[in-house]
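1. need a structure here:
(one chain, ligands or ions: 4)
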Amino acid sequence: MADQALPQLAPRELCTGCGACMSGCPKGAIHMLPDREGFRYPTVTDACIQCGLCSYICPVLKQRERRSAPAVFAAWNPDEKTRRASTAGGVFALLADYVLEGGGVVFGAALDEELRVRHVAVTSPAELPSLLGSKPIQSDMGDSYQRVKRYLEQGRRVLFSGTPCQVDGLYRFLGEYPENLLTADVLCRGVSSPGVWERLVRSIAYVKRKRPVAVSFYTKLSGAKDRRFRVRFEDGSLFDAPYDKSELGRGHRRGLFLRASCHNCPYVSTHRPGDLSLGQFKGLPKDFHPQEQKAGISLLLVNTARGAQAVDVLPLKKVRRTLEEAVAGNPALSEPVSAPEERAVFFNAFAQQPFQQVRNRFLAPLAYQAGKQRLRLPGLLRRKAPAERSPKQTKPPKEPRTVREPKKEKRSLWKKR
Ligand SMILES: Cc1cc2nc3c(=O)[nH]c(=O)nc-3n(C[C@H](O)[C@H](O)[C@H](O)COP(=O)(O)OP(=O)(O)OC[C@H]3O[C@@H](n4cnc5c(N)ncnc54)[C@H](O)[C@@H]3O)c2cc1C
Ligand code: SF4
Ligand code: SF4
Ligand code: SF4
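-> Ligands and ions are numbered 1, 2, ... in the order given. Below is the predicted model:
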């Protein structure tokens, strides 16, 4: 592309990585390649004939049509086991069952054998568990948009679920709202870097000296408030930590390695691209179905008539609530996460330093980091001789336990997901 102008695509800080431009290019001239932060961005190659289609498709360069305000429900799946495997109230599983039972296809995010997050198509209920539960990492769309199109052309019904930017990307790629397509976007305030996740998986394998084979990011141990990050290894043992105290959780919660576009996201609003939107209903009154709140209640937004038709036939428990209440309890409808100053520092280190150092510097418990920081400031604090140091300063923090999986839980927790 040395002597010809590049087609106009979203500026880097706004590009969501939805991949619609790549999928729509008639010459296969766009490749989605990871940058130094580990996120995929479009790269235009010499095969480009400057037809302009990618610029036309890119959702960031278009204004979305306004819709009327959504209908709001607190909703949950009456099946306890499915709800335990889901992040919120298990509404997605019911929607997916409904489409699969009618011979349709369901697209959503799953972990592959290398524990990378990818969008996949599921055609039978036996495969559905792989889609359940949120994965906080940006999923790789691959050729999902083209596959959705092919299934629709075959007359199959399709449920496509994903982040709002992925749902919008699909509509821009298709250029229409096909009758057989139903979409569900998840409420979302950011996806973590697939590159950082890949390095974390490798370093977990290195430290534990065994291969991780499955991960659950938000296992509900005793209920929706007790979220566990769990890694299962090939020998059957488990690494188990509260999500917020896992390295991934610490970095995620501080917004250290979210995609740049997430800090300026136009989808963090009540103006949604999907027929339905799924989130966690936060801020419900304490006396509103307390047992159900403990198990997790979904926030369900019905954005279109098609979405309303689907919801009407689901065996859901649902109660109408107000949009004001939903917005008050959930910043994923009103306010993107601002980028912390440390983000740039983190990614500079990520690009230049061995990952083990990056881990210790940014993802270890804060007390440990503060201790290390003090030891590194010779001008301000005299570095103490080893004999003077308290055990707290010299000892690295205790890693969360690696535990043997209790026999009773084995099946339900790690049933093929
Ligand atoms: C990255 C991310 C951030 C989120 N942030 C919030 C938030 O701030 N507030 C809130 O209320 N809800 C948030 N959610 C949504 C919430 O966690 C649940 O996914 C949603 O409520 C659906 O819950 P469920 O119980 O019905 O189904 P679940 O079984 O929990 O969810 C499965 C659905 O999530 C989709 N999914 C899972 N991981 C990904 C991924 N990486 N990329 C795209 N789609 C994915 C699957 O395709 C499937 O549609 C987020 C979800 C994701 C993926
Ligand atoms: S301008 Fe046309 S050929 Fe070039 S990258 Fe975009 S879609 Fe492909
Ligand atoms: S279509 Fe998606 S991936 Fe391509 S430039 Fe636009 S936002 Fe980025
Ligand atoms: S926060 Fe916005 S840009 Fe980021 S993944 Fe979610 S919808 Fe896409």
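
2. isn't Y98 up against L316?
-> No - in this structure Y98 lies outside contact range of L316 using CB atoms under 8 Å: 10.1 Å. Placement of C-beta: from N, CA and C, glycine included.

3. just the strands in the stretch 1-150 of the chain please.
-> Secondary structure of the stretch 1-150 of the chain (DSSP state E, counting those that start in this stretch): strands at 30-34, 40-44, 71-76, 105-111, 117-122.

4. so can I have CSV of these showing distance to ligand 2 and mean pLDDT?
-> As requested, the strands of the stretch 1-150 of the chain are arranged in CSV below (distance: least, CB to the nearest ligand atom, whole Å; pLDDT from 0 to 100):
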stretch, distance to ligand 2, mean pLDDT
strand 30-34, 5, 98
strand 40-44, 5, 98
strand 71-76, 38, 98
strand 105-111, 23, 98
strand 117-122, 21, 98
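
5. so which of these is nearest R232?
-> R232 lies closest to strand 105-111 among the strands of the stretch 1-150 of the chain, at 11.3 Å (CB to CB).

6. buried set for that closest one?
-> 105-111 (16 or more other CB atoms under 10 Å).

7. quick revisit: can you tell me which of the strands of the stretch 1-150 of the chain comes nearest to N180?
-> Per CB to CB, nearest to N180 of these: strand 105-111, 9.9 Å.

8. what helices or strands is the closest one leaning on?
-> helix 91-101, strand 117-122, helix 144-153, strand 158-162 (3 or more CB pairs under 8 Å, 6 or more residues apart in numbering; DSSP states H and E).

9. partners of the longest strand along the chain, with directions?
-> When the chain is parsed with DSSP state E, its longest strand is strand 212-220. In the sheet containing strand 212-220, its partner strands are strand 227-233 (antiparallel), by DSSP bridges.

10. buried sites along the helix or strand following the partner strand?
-> Proceeding N to C from strand 227-233, the next assigned helix or strand is strand 237-242, under DSSP states H and E. Going by neighbour count (16+ other CB under 10 Å), the buried part of strand 237-242 is 238-241.

11. what's the average pLDDT for strand 237-242?
-> What strand 237-242 shows for mean pLDDT is 92.

12. so what does that strand touch, helix or strand wise?
-> Checking 3+ CB pairs under 8 Å, 6+ apart, strand 237-242 ends up next to strand 227-233, strand 402-404.

13. okay, strands next: where are they in the stretch 251-400 of the chain?
-> Using DSSP E, counting those that start in this stretch, the strands assigned to the stretch 251-400 of the chain run over residues 276-280, 298-302, 317-321.

14. comparing these, which comes out most buried?
-> strand 298-302 (a mean of 26; mean count of other CB atoms under 10 Å).

15. read off the pLDDT value for the residue lying closest to R36 once chain neighbours are set aside.
-> Nearest in space to R36, with sequence neighbours left out and distances taken as CB to CB, 6 or more residues apart in numbering, is A351 at 4.5 Å. A351 is assigned 96 on the pLDDT scale.

16. so A351 makes contact with D35?
-> No - A351 lies out of contact with D35 (CB under 8 Å); the separation is 9.5 Å.

17. between these two, which one's more packed in?
-> Applying other CB atoms under 10 Å to A351 and D35 shows that D35 carries more neighbours, namely 16 against 13.

18. isn't that one up against Y41?
-> Yes - between D35 and Y41 there is a contact at 5.4 Å, judged by CB under 8 Å.

19. give me the common contacts of those two.
-> Listed contacts common to D35 and Y41 are nil; contacts here mean CB atoms under 8 Å, 6 or more residues apart in numbering.

20. what about the residue nearest to Q138 when sequence neighbours are not counted, neighbour count?
-> Of all residues not flanking Q138 in the chain, V191 sits nearest, at 3.8 Å (CB to CB, 6+ apart). For V191, the neighbour count with other CB under 10 Å is 26.

21. list the contacts of V191.
-> V191 sits in contact with 136-139, 163, 258-259, 262, where contact means CB under 8 Å, 6+ apart.

22. need the residues of this protein near ligand 2, please.
-> Counting by CB under 6 Å from any ligand atom, the residues of the chain lying close to ligand 2 are 7, 25, 27, 29-30, 44, 48-54.

23. kindly recompute the last result at 8 Å.
-> Residues of the chain lying close to ligand 2 by CB under 8 Å from any ligand atom are 7, 21, 24-30, 44-45, 47-55, 57.

24. of the residues you listed, buried ones?
-> 7, 21, 24-25, 29-30, 44, 48, 54-55, 57.

25. quick one: least confident of those?
-> Among these, P7 has the weakest pLDDT, 94.

26. ok, it touching I49?
-> No - between P7 and I49 there is no contact under CB under 8 Å: 9.8 Å.

27. could you spell out which stretches of the protein belong to which domain?
-> Domains of the chain are assigned by automatic domain parsing as 1-62, 71-191+258-333, 194-256+340-376.
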